[in-house]
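Enquirer: dropping the sequence and predicted coords here.
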Amino acid sequence: MKNYFIAAVTGAIFVISGNTVAADIEAGKRKAAEVCASCHGADGNSPAPNFPKIGGQPRTYLAKVLKDYKTGERKDPVMAGMAAALTPDDIDNLAFYYSSQNIGLTMKK
């Protein structure tokens, strides 16, 4: 019984890690330049205060938010339109790319 448990946990780890490796950071960077950079900045750290800084956010959070905009679970007319054209691979690649960027923190004096 113990061996089955170890095998199941090991298999789950391989499946989870395989999903991470499947994302393509360069494809995410290219898609970001096409779709996201005009509002969020090339690295996800927009200088404009009305656009969220998404660089350095957790990959799973970014993917969930994009999926939620795409399905209508999360409401924003601009983001819904942007996410509508994204494929599942685009979403994974964008989330992987932006999560690899530095968090843009603004220091106030």
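Expert: On my side now, so go ahead. Numbering: from 1, shown residues only.

Enquirer: which residues are in contact with residue 104?
Expert: Residues counted as contacts of residue 104 (C-beta atoms under 8 Å, 6 or more residues apart in numbering) are 41, 43, 44, 45, 46, 53, 55, 56. To be clear about C-beta, it is placed using only N, CA and C from the backbone, and glycine gets the same treatment.

Enquirer: helix or strand for the residue most central in space within the chain, which one?
Expert: For the chain, the residue lying nearest the average C-alpha position, counting by C-alpha atoms, centre = their mean, turns out to be residue 95 (1.7 Å). Using DSSP states H and E, residue 95 sits in helix 88-99.

Enquirer: which positions in that helix come out as buried?
Expert: Residues of helix 88-99 classed as buried under the neighbour-count rule (16 or more other C-beta atoms under 10 Å) are 90, 91, 92, 93, 94, 95, 96, 97, 98, 99.

Enquirer: residues near the closest residue in space to the fourth one that isn't next to it in sequence, how many?
Expert: Put plainly, it is residue 93. For residue 93, ignoring the flanking residues on the chain, the nearest one in space by C-beta to C-beta, 6 or more residues apart in numbering is residue 28 at 3.6 Å. Applying other C-beta atoms under 10 Å, we find 24 other residues in the vicinity of residue 28.

Enquirer: quick one, phi/psi of residue 28?
Expert: Residue 28 has phi and psi values of phi -60, psi -40 when expressed as degrees, to the nearest 10.

Enquirer: relative to residue 72, how far out is it?
Expert: Between residue 28 and residue 72 the distance, using C-beta to C-beta, to the nearest Å, works out to 23 Å.

Enquirer: how about residue 94: what's its closest non-neighbour residue?
Expert: Nearest in space to residue 94, with sequence neighbours left out and distances taken as C-beta to C-beta, 6+ apart, is residue 28 at 4.9 Å.
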